[in-house]
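K.L.:
Show me the folded form of this:
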Amino acid sequence: MEGRHSRWNSQPRPRDLLRKIREFTRAMVEDLSNGRSPEIFIDRFRNYCTNPDSNCYCSFDSPKGQEILTLRRASHVRRLDVFLRVLLIVQQLLQENKHGSKRDIYYMHPSIFSDQSVVDRAINDICILLHCSRHNLNVVDIVSVARYILVVEKESVFQRLANDQFCNKNHCIVTTGRGYPDIPTRRFLGLLVDTLHLPIYCLVDCDPYGFDILSIYRFGSMQMAYDAKFLRVPEVLWLGAFPSDSDKYGLPQQCLLPLTVEDKRKTEAMLLRCYLQREAPPHWRLELQLMLERGVKFELEALSVHELNYLSEVYIPSKLQGGVHI
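P.N.:
Sure thing, here's the model as predicted:
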């Protein structure tokens, strides 16, 4: 399984990052000394587009154009001010071999930064400029007798499986991102797959948000597109819940909820994402279209209409044994 683990190990060392920062700041000082406005070129990335009928060249590992920051534009002055202040903090942390969170950085100048999102944007720009990932992962050696990894969308389903002793009975690893997954969860799952070489399945609600969460695990998010190679787990398979499962597993009508206007809008937008045409299994798109056609959704907990442990005793085992995943 080539790639992700070696790429993680090839992150720039602190001294290399410090060298890049020195070269960058030296170039800025020279421009200012010579009466020129410094220009900072920030690559821009995207991991999908929403025009599947055109020739698409989306790729998570190559930039899609550049943004040029300059003091000649009034709208860039504040952004550059924040960028340089955060860069100075990053330099100090590297020099002192210390770690700091995004929230730590915000509270170093809260009156200047004004909002956490301002700091987040500056950190993203710095990482793109320095060609590094801000998502470090410190782990010990991983050893497991598990047969597969199961990712569930939300904590309530995780607790249901824990109460049913699902891991012990099925020799698997179960984890959750508690909705939209955070960065450590996504990176840790990638590390598990690379280290243990296990199949990985994802179990989400049968609604547009569940499908979006599934897609983030497999393809990454647009917001973090520049870091997608570290944050996507392309081995993820969709175990459920499929729109077609409501018939197969006999869910009564009262368990099915109508799609809202926002649900329909979100589903239609997701159907336009180019990776559904180019990378995702064909059934992903078919199931999403079926959800839209039927106009209903349901939660995984709805399976409890049969019995409390139906999810762990019947639904998941039948999916795995029958190879019903895509």
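K.L.:
Kindly provide the whole-number mean pLDDT of the longest helix along the chain.
P.N.:
Ordering each helix of the chain by length in residues (DSSP state H) puts helix 74-95 first. Summarised as a single mean, pLDDT over helix 74-95 is 88.
K.L.:
Which strands or helices does that helix pack on?
P.N.:
Applying 3 or more Cβ pairs under 8 Å, 6 or more residues apart in numbering; DSSP states H and E, we find helix 74-95 packed against helix 14-33, strand 66-70, helix 110-113, helix 116-130. Just so you know, the C-beta spots here come from the backbone N, C-alpha and C atoms, and that holds for glycine as well.
K.L.:
pLDDT-wise, which helix or strand of the chain ranks last?
P.N.:
In the chain, the helix or strand scored least confidently by mean pLDDT, DSSP states H and E is helix 4-9, which has a mean of 46.
K.L.:
Model confidence for the nearest residue to residue 86 once chain neighbours are set aside, exactly?
P.N.:
Once flanking residues are discounted, residue 86 sits nearest to residue 122: 4.2 Å by Cβ to Cβ, 6 or more residues apart in numbering. Confidence at residue 122, expressed as pLDDT, is 88.
K.L.:
quick one, what contacts residue 122?
P.N.:
By Cβ atoms under 8 Å, 6 or more residues apart in numbering, the contact set of residue 122 is 79, 82-83, 85-87.
K.L.:
Relative to residue 109, how far out is it?
P.N.:
11 Å (Cβ to Cβ, to the nearest Å).
K.L.:
Please enumerate the shared neighbours of the two.
P.N.:
Joint contacts of residue 122 and residue 109 (Cβ under 8 Å, 6+ apart) are residue 85.
K.L.:
coming back round to it: quick one: distance of the next helix or strand after the longest helix of the chain to the chain centre.
P.N.:
Sequence-wise, the next helix or strand downstream of helix 74-95 (DSSP states H and E) is helix 102-106. The chain centre lies 21 Å from the centre of helix 102-106; the measure is Cα atoms, centre = their mean, to the nearest Å.
K.L.:
Now do helix 102-106: which elements does it pack against?
P.N.:
helix 116-130.
K.L.:
Return the set of buried residues in the helix it packs on.
P.N.:
Burial within helix 116-130, assessed by neighbour count using 16 or more other Cβ atoms under 10 Å, is assigned to 118-120, 122-130.
K.L.:
Make TSV out of those residues and add distance to residue 100.
P.N.:
Listed next are these as TSV, based on distance: Cβ to Cβ, whole Å:
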residue	distance to residue 100
118	16
119	11
120	14
122	13
123	10
124	16
125	17
126	13
127	14
128	19
129	18
130	16
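K.L.:
Compare the helices and strands packed on helix 74-95 and say which comes out lowest on pLDDT.
P.N.:
Across the helices and strands packed on helix 74-95, strand 66-70 gives the lowest mean pLDDT, at a mean of 80.
K.L.:
Can I get that strand in CSV? Just the C-alpha atoms.
P.N.:
Taking C-alpha atoms only, strand 66-70 is exported to CSV below (Å, rounded to 0.1, in the frame of the first residue of the first chain):
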residue,chain,number,x,y,z
GLN,A,66,-2.6,31.1,-7.2
GLU,A,67,-3.7,34.0,-5.1
ILE,A,68,-1.3,36.9,-4.9
LEU,A,69,-1.2,38.9,-1.7
THR,A,70,0.3,42.4,-1.9
